[in-house]
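Q: Model the following, please.
(one chain, ligands or ions: 5)
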Amino acid sequence: MPIPESRRLLLRAALFLEEQYQGPSAAASLSCESLPGRCQQLQRLERQWRRALVRRYAAAAAECQSRLGTEVRLLSRELATLATGLLRPDPPPASLNLRELWEELQSLNQEFENVELHWRERALAVTTERIVLEDVDLGPFEIRLDLNQLRGPAPYQIRALDPSPAASQSRVTHPHVQQEQLCEGDGKPVLARALQEGRLGEFCLLVRQILRTYNAGSAYVPLSEWTALPCSDCGTQTNDEDASECRRCGSRLCERCSQLCLGCSNSHCSDCGQRCPHCDDWFCEHCLNQCERCAAACCDDCLTEQRCPHCPDPVEEPDHVPCHPPTVETAAISPSPPETASPTSGAAVQPPRLGQAAVPA
Ligand SMILES: [Zn+2]
Ligand SMILES: [Zn+2]
Ligand SMILES: [Zn+2]
Ligand SMILES: [Zn+2]
Ligand SMILES: [Zn+2]
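A: Ligands and ions are numbered 1, 2, ... in the order given. Have a look, this model is predicted:
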């Protein structure tokens, strides 16, 4: 709902903000109350352990020692959490009063085309114009403030409303935004102060300014590689205009890795072809043939009657000597068919074939 439509809602938001800023800090919810109970438990376990040691109950002593160790570890974790919470510097309360907080919210309407209060989620969202950096149109962005978390570690997100992410990393929607988190860079302390003091209007303007600025040195993905994808052979990020596709498998190739087949003149990746071992020229698998004798991959020019230069000419080969099947005389040496076989059965008349052993009865 746009803010001007409901002054009541705006006032409610300002009141909520005042409560958030003036309310007790996160550290105030920490307590040392559970510590004495834990210490008593430790003392009890230690007494049991010592008794078991004196009485030489080895198994019981080991059990007590292990439980004591676990308790000590739990206590030390609890203490560490307390220490971290208490020693973290508490943000100072907002220096703005209710009227000023209300005016901050109101000012967003003049600066941003679209301002929305999502009251149920306690979220305030403003939308930027389309952000175009170095001719790359990244679309408009929503700066979404979590009013519950203004003093927490991640109080806002940057959402691409018409995303045009980096080709190689879909979660990078802006050179300085990854997974909806802005890389604040040098702006970090200024942004933190604006939020701590409740100057939400100024905060949103600062964020928009960062979104409108490009710093190649700190970009998650530089704009020069925005449409780039890795070469499948060497991994180099390659823009569309410099990339080619392997004709055979379709993989993306950089200029350096694209191999030109001398047979068909198409680009290929290194997996889809090789050099002919005889002339050393590069050919795709489709344009290579096999020597019929040694099976080596070879280009057509280097094959003579399907043979590579290393293999002798078919005419120099000795005459073909066919293998003869075993003669009846040879086969007759093998064991005779069982005498008990019926005279009408074929086995009794014919000699067994080569490799066929007759089983004596
Ligand atoms: Zn490459
Ligand atoms: Zn290929
Ligand atoms: Zn080819
Ligand atoms: Zn060749
Ligand atoms: Zn050969």
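Q: And the next helix or strand past the helix or strand hosting P36?
A: Using DSSP states H and E, P36 sits within helix 35-54. Following helix 35-54 in sequence order, the next helix or strand is helix 58-87 (DSSP H and E).
Q: and the helix or strand following that next one, how far out from the chain's middle?
A: Scanning forward in sequence from helix 58-87 by DSSP H and E, the next helix or strand is helix 98-111. The chain centroid and the centroid of helix 98-111 are separated by 41 Å under CA atoms, centre = their mean, to the nearest Å.
Q: by contact count, what packs against helix 98-111?
A: helix 7-22, strand 123-127, helix 200-211 (3 or more CB pairs under 8 Å, 6 or more residues apart in numbering; DSSP states H and E). From N, CA and C alone the C-beta is placed, and that goes for glycine too.
Q: And that helix, what's buried?
A: 100-102, 104-109 (16 or more other CB atoms under 10 Å).
Q: what's the answer for stretch 33-42, then?
A: L42.
Q: ok, the buried residues of helix 98-111 vs ligand 4, which is closest?
A: Set against ligand 4, the nearest of those by CB to the ion is L108 (71.8 Å).
Q: ok, the closest residue to C234 other than its chain neighbours - contacts?
A: Using CB to CB, 6 or more residues apart in numbering and skipping residues adjacent in sequence, the residue nearest C234 is C257, 5.4 Å away. Residues near C257 by CB atoms under 8 Å, 6 or more residues apart in numbering: 231-234, 236, 269-270.
Q: so how far is R208 from the residue in the stretch 51-200 of the chain that ligand 3 sits nearest to?
A: Of all residues in the stretch 51-200 of the chain, A167 sits closest to ligand 3, at 28.8 Å by CB to the ion. Counting by CB to CB, to the nearest Å, the separation of A167 from R208 is 25 Å.
Q: Go ahead and confirm the residue of the stretch 51-200 of the chain closest to ligand 3 touches P230.
A: No - applying CB atoms under 8 Å as the test, A167 and P230 come out as separate, 9.5 Å apart.
Q: Reformat the buried residues of helix 98-111 as JSON lines; add distance to P277 and pLDDT.
A: Listed next are the buried residues of helix 98-111 as JSON lines, based on distance: CB to CB, whole Å; pLDDT from 0 to 100:
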{"residue": "E100", "distance to P277": "82", "pLDDT": "87"}
{"residue": "L101", "distance to P277": "79", "pLDDT": "86"}
{"residue": "W102", "distance to P277": "82", "pLDDT": "87"}
{"residue": "E104", "distance to P277": "76", "pLDDT": "88"}
{"residue": "L105", "distance to P277": "76", "pLDDT": "88"}
{"residue": "Q106", "distance to P277": "79", "pLDDT": "87"}
{"residue": "S107", "distance to P277": "75", "pLDDT": "90"}
{"residue": "L108", "distance to P277": "72", "pLDDT": "90"}
{"residue": "N109", "distance to P277": "75", "pLDDT": "86"}
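Q: What residues does the stretch 201-350 of the chain have near ligand 2?
A: Neighbours of ligand 2 within the stretch 201-350 of the chain, by CB under 5 Å from the ion: 246, 248-249, 269, 272.
Q: Not counting stretch 123-142 itself, show me its contacts.
A: 13, 105, 108, 111-118, 143-147, 158-164, 173-175, 177, 200, 204, 208, 211-212, 214, 223, 226.
Q: Make a PyMOL selection of the buried ones in these.
A: Selecting the buried subset of those in PyMOL, with 16+ other CB under 10 Å as the burial test, is done by:
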select buried, resi 13+105+108+112+115+116+117+143+144+145+147+158+160+164+173+174+175+177+200+204+208+211+214+223+226
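Q: Past the helix or strand in which N289 is found, which element shows up next along the chain?
A: Following DSSP H and E, one finds N289 within strand 288-290. Per DSSP H and E, the first helix or strand lying C-terminal to strand 288-290 is strand 297-299.
Q: mind listing what that following strand pairs with, with the direction of each?
A: Here strand 297-299 is paired, per DSSP bridges, with strand 288-290 (antiparallel).
Q: Now the strand it pairs with: buried residues?
A: Those would be 288-289, for strand 288-290 by 16+ other CB under 10 Å.
Q: Report the mean confidence score over that strand.
A: Per-region confidence: strand 288-290 scores 94 on mean pLDDT.
Q: And stretch 152-162, by the same measure?
A: On average, stretch 152-162 scores 90.
Q: Stretch 13-33 too?
A: Per-residue scores along stretch 13-33 average to 77.
Q: Use 52 as the first number for this chain going forward.
A: Will do, 52 is the new start, and the previous item becomes stretch 64-84.
Q: Endpoint to endpoint, it covers what distance?
A: Stretch 64-84 has an end-to-end distance of 35 Å (CA to CA, to the nearest Å).
Q: do stretch 169-176 as well
A: Termini of stretch 169-176 sit 8 Å apart (CA to CA).
Q: who touches stretch 318-337?
A: 283-284, 295-300, 302, 304, 308-315, 317, 338-339, 347-350, 352-353, 359-361.
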